[in-house]
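# let me see the structure of the following:
(4 chains)
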There are 2 protein chains.
Amino acid sequence: MLYSFEGVIVVAGAREDLMAAGLAVFDRDGFEGATVAAIRARARASNGSFFHFFGSKKKLAGALFLEVLQRYHAAVLAAIDTPCGAREGIDRLIRAHLDWVVNNRREARYLFEISRSEWSEEVRDAQRAQNSRLGEGVERWRAPLIVSGELLPMTPVLFFSQIIGPAQIFCRAWLSGRDRSDPRLQADILIACAIRALVAPQSVADTGGTP
Amino acid sequence: MLYSFEGVIVVAGAREDLMAAGLAVFDRDGFEGATVAAIRARARASNGSFFHFFGSKKKLAGALFLEVLQRYHAAVLAAIDTPCGAREGIDRLIRAHLDWVVNNRREARYLFEISRSEWSEEVRDAQRAQNSRLGEGVERWRAPLIVSGELLPMTPVLFFSQIIGPAQIFCRAWLSGRDRSDPRLQADILIACAIRALVAPQSVADTGGTP
DNA sequence: CAATACTCTAGAGTAATACTCTAGAGCAAC
DNA sequence: GTTGCTCTAGAGTATTACTCTAGAGTATTG
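Model prediction:
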């Protein structure tokens, strides 16, 4: 079913309702606690509909995972779609990650906490494809900066691990409720550490680091 | 039941058998796929025994989580129990983490992949207590190095996020099977990045970095 | 229009499984 | 011997993921 809402084309229908309901129920009850009945009820869909669109609870979870992953990647890529230097890009990437997690808590909780890695091959392949597309996007921004000597040379995964890894420690603590303080409060210091780890020394001196 | 095996006192019995069986079955089938029947069968314990010791499947999982967490923390703390400088300590901490994950794949998979944060308050409190004990241990090593100016001053959690965060990206990819290559291959470069992020600049020059 | 095929809805029924309950064996204390 | 406690045993129950059959709605084709 297609209709427009406030000028934007919106896709709705039982399938989309079920996925939205799934996200909500997974967030409230966790993966184990979430029952198909609860998801069906929230989406006002019959049992037949549920198993027509998704063959199982796990397949719904897999479809949801890929959709949320896509939205997350889009948010990260959007941070560096306009050209910028090494420090500026690192700043934007880390802030994009923190912002997305805080502004999309439900989705982030699902992506990083609730969803398990017991996906089917199909889902895993799609995940790999998504990951490499994200990698390519980041590389388009990063490669020239390695050539110009602003960024230290390293593998794409290692670079990403330095950007996202430390931030994720705070995000996971916040998402699980273990820590109440907004992870964005750590943005400045996380960025400073990442710049020291990733930006070439002379470049640090050039642009003038914090005194 | 207590008996000694090769000179070491070993505790065994239905409770321990069930926990070991739980770890094995969770590793093989994931949390969802693991059935109480499978765990019981592997431990050769009756249904009554299972629910006598652990009131539910989740409580077994919680007990297992705390036990594995304790072993992991012990391994990390052991890395810095003998005095050492900033660079040496960072090196040891990162290697200890990577080594533990690779040498205890089952436990690591359980800790970082399978077990989720849907624990009871009791388990979460115990987790917090464990975490702060780890934090204290790390601080005993770190505090003097901040005073002496070798390490940059920052909060304990931020420091830990820089040590563990990037390494975890590789460990999770390896644990999930997404990436086959041994995460320990990244040790040197992860350590180099962490040193740039955490060690005071003059100290970097002093000790002579890799050319 | 009629016939057909296809998508989706509906809900009763089934099999699996986490958990409960009652009974009792083994053992220690007194 | 009796009592009390810990642990074992397994039959029974309630929940829940999933299957199956039937049919309504809708597009397609002759």
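# please, which helix or strand holds the residue of chain A found nearest DNA strand C?
Evaluated by CB to the nearest atom of the strand, chain A has residue A:48 as its residue closest to DNA strand C, separated by 1.8 Å. C-beta here means a position set from N, CA and C on the backbone, and glycine is covered the same way. Assigned by DSSP states H and E, residue A:48 belongs to helix A:47-53.
# any residue of that helix touching DNA strand D?
Yes: using CB under 7 Å from any atom of the strand, helix A:47-53 comes into contact with DNA strand D via A:47-48, A:51.
# sorry, back to before: could you report the neighbour count for the residue of chain A closest to DNA strand C?
By the criterion of other CB atoms under 10 Å in any protein chain shown, residue A:48 has 9 neighbours.
# quick one, grab the pLDDT at it.
The predicted local distance difference test score for residue A:48 is 95.
# distance check, it against residue A:18.
12 Å (CB to CB, to the nearest Å).
# check residue A:140 too.
Look at residue A:140 and residue A:18: by CB to CB, they are 36 Å apart.
# who has more neighbours, these two?
In this view residue A:140 and residue A:18 are compared by other CB under 10 Å, and residue A:18 has more residues nearby, 24 against 13.
# was I right about that one contacting residue A:39?
Yes: with the criterion set as CB atoms under 8 Å, residue A:18 and residue A:39 qualify as a contacting pair; they are 6.4 Å apart.
# which neighbours do these two share?
A:50, A:60 (CB atoms under 8 Å, 6 or more residues apart in numbering or on different chains).
# how about the residues of chain A by DNA strand D?
Within reach of DNA strand D by CB under 7 Å from any atom of the strand, chain A has these residues: A:34-37, A:47-48, A:51, A:55-58.
# now with 6 Å?
Taking CB under 6 Å from any atom of the strand as the test, the list of chain A residues beside DNA strand D reads A:35-37, A:47-48, A:51, A:55-58.
# I'd like to know which of the residues you listed is nearest to chain B.
For the residues of chain A next to DNA strand D, the closest approach to chain B (CB to the nearest CB) belongs to residue A:58, at 7.8 Å.
# centre of the chain to the helix or strand containing the closest one, how far?
Assigned by DSSP H and E, residue A:58 belongs to helix A:57-79. Helix A:57-79 has its C-alpha centroid displaced from the chain centroid by 7 Å (CA atoms, centre = their mean, to the nearest Å).
# show me which residues of chain A are close to chain B?
When proximity is defined by CB under 8 Å from any CB of the partner chain, chain A lies next to chain B at A:30-33, A:58, A:113-114, A:116-118, A:124, A:127-128, A:154, A:157-158, A:160-162, A:164-170, A:173, A:176-178, A:186, A:189-190, A:193-194, A:196-198.
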